[in-house]
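Asker: no sequence on hand, only this structure:
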């Protein structure tokens with residue numbers, strides 16, 4: 001009989017649920033996420049993970065599967081820290097929505113509501129926001145609007161969106177007259193005006209259904225937003241990131257007195273160790289879920305959270 005009881009107890013321990021599916025409804029949109037909570041007899045810290053731009057899901061996957069954010073959740077779990085990662089509205093398991101109705105401010109408000117969700121859970125003591133890429137800007141703005149413990153920027157831009165877009169177009173090989181025209185179009189969007197005439201080759205960038213989002217996004221300057229934060233901040237950049245330069249991390253760090261800057265050697269944009277900036281080799285890692293997170297990154301994150 002004792003052996004049977006012992007077997008039942010062991011079974012419960014082995015099959016204890018590590019991750020749970022959670023959801024909240026914000027502005028009529030059902031948002032879905034994964035909450036991973038290590039077993040603890042007292043409240044523990046929890047990290048809210050925010051994914052990057054485009055159709056990137058809660059695990060950090062977009063055009064390819066790399067599982068970078070899922071790996072971060074695993075890292076936190078193994079170190080006694082809970083985490084919540086979620087599909088942004090219109091992405092993954094969260095409710096679909098019309099692209100023309102999407103704005104950057106909706107994304108910010110979603111982060112705020114996830115923070116409120118976590119604050120209601122008595123299993124958690126302090127909330128840390130960690131934003132990756134575009135999620136870095138979302139996270140720093142939401143951190144200012146909520147009472148969170150710490151903030152982490154992972155490969156986040158240090159300049160406003162219109163500057164990023166303009167630089168990318170200059171590097172794209174477009175004729176100079178089209179680059180000049182694009183800069184004028186960006187100025188119109190900065191001033192809140194929709195645009196109708198744009199080069200057909202740039203339809204995907206300036207298409208009518210995305211203009212509302214662009215207008216709301218380019219109003220925010222990461223340097224200005226991060227300077228408003230008074231909580232402890234960790235800013236991380238990677239030397240082989242082909243999307244965001246390490247100079248952006250330096251700019252963010254200089255904008256606030258309460259931040260730590262960590263530049264990870266050979267870490268690329270999806271937080272993996274890739275020892276080259278060769279575009280084809282770098283991009284190949286975006287679809288390689290077997291490639292693990294940068295070890296120095298893991299150490300820096302846990303040290304900052306536990307400090």
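Answerer: Okay, I see it. What you see is a predicted model; the values in this text were computed from it and never measured. Numbers count the residues shown, from 1 in each chain.
Asker: helix or strand right after the helix or strand of the chain with the lowest mean pLDDT?
Answerer: The weakest-scoring helix or strand in the chain, judged by mean pLDDT, DSSP states H and E, is helix 2-14 (a mean of 41). Going down the chain from helix 2-14, the next helix or strand is strand 19-26, by DSSP states H and E.
Asker: okay, now the unreliable bits of the stretch 201-307 of the chain?
Answerer: For the stretch 201-307 of the chain, applying pLDDT under 70 flags no range at all.
Asker: where do the strands sit along it?
Answerer: Assigned by DSSP state E, counting those that start in this stretch, the stretch 201-307 of the chain shows strands spanning 233-238, 259-264.
Asker: from the ones you listed, which stretch is densest packed?
Answerer: Stretch with highest mean neighbour count among the strands of the stretch 201-307 of the chain: strand 233-238 (a mean of 26; mean count of other Cβ atoms under 10 Å). Yep, even glycine has a C-beta here, placed from its N, CA and C like the rest.
Asker: that one pairs with which strands, and in what direction?
Answerer: Applying DSSP bridges, strand 233-238 is found paired with strand 150-154 (parallel), strand 259-264 (parallel).
Asker: for the last one, what is the distance to the chain centroid?
Answerer: Taking Cα atoms, centre = their mean, to the nearest Å, one finds strand 259-264 lying 17 Å from the centre of the chain it belongs to.
Asker: who touches that strand?
Answerer: With contact meaning Cβ atoms under 8 Å, 6 or more residues apart in numbering, strand 259-264 is reached by 226, 232-239, 246, 249-250, 252-253, 294, 296-297, 300, 304.
Asker: so where do the helices sit in the protein?
Answerer: For the chain, the helices defined by DSSP state H occupy 2-14, 68-78, 104-119, 134-145, 161-170, 176-190, 203-206, 208-217, 222-226, 246-254, 279-284, 295-306.
Asker: and the longest one, average pLDDT?
Answerer: Helix 104-119 carries an average pLDDT of 98.
Asker: what residues of it count as buried?
Answerer: Using 16 or more other Cβ atoms under 10 Å as the test for burial, helix 104-119 gives 104, 106-115, 117-118.
Asker: redo the residues you listed as JSON lines? Include distance to residue 263.
Answerer: As requested, the buried residues of helix 104-119 are exported to JSON lines (distance: Cβ to Cβ, whole Å):
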{"residue": "104", "distance to residue 263": "27"}
{"residue": "106", "distance to residue 263": "32"}
{"residue": "107", "distance to residue 263": "27"}
{"residue": "108", "distance to residue 263": "27"}
{"residue": "109", "distance to residue 263": "32"}
{"residue": "110", "distance to residue 263": "30"}
{"residue": "111", "distance to residue 263": "26"}
{"residue": "112", "distance to residue 263": "30"}
{"residue": "113", "distance to residue 263": "33"}
{"residue": "114", "distance to residue 263": "29"}
{"residue": "115", "distance to residue 263": "28"}
{"residue": "117", "distance to residue 263": "33"}
{"residue": "118", "distance to residue 263": "30"}
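Asker: of all those residues, which comes closest to residue 159?
Answerer: Comparing these against residue 159 with Cβ to Cβ places residue 104 closest, at 15.4 Å.
Asker: and residue 189, which of the strands paired with strand 233-238 is closest to it?
Answerer: Nearest to residue 189 among the strands paired with strand 233-238 is strand 150-154 (24.7 Å), distances taken as Cβ to Cβ.
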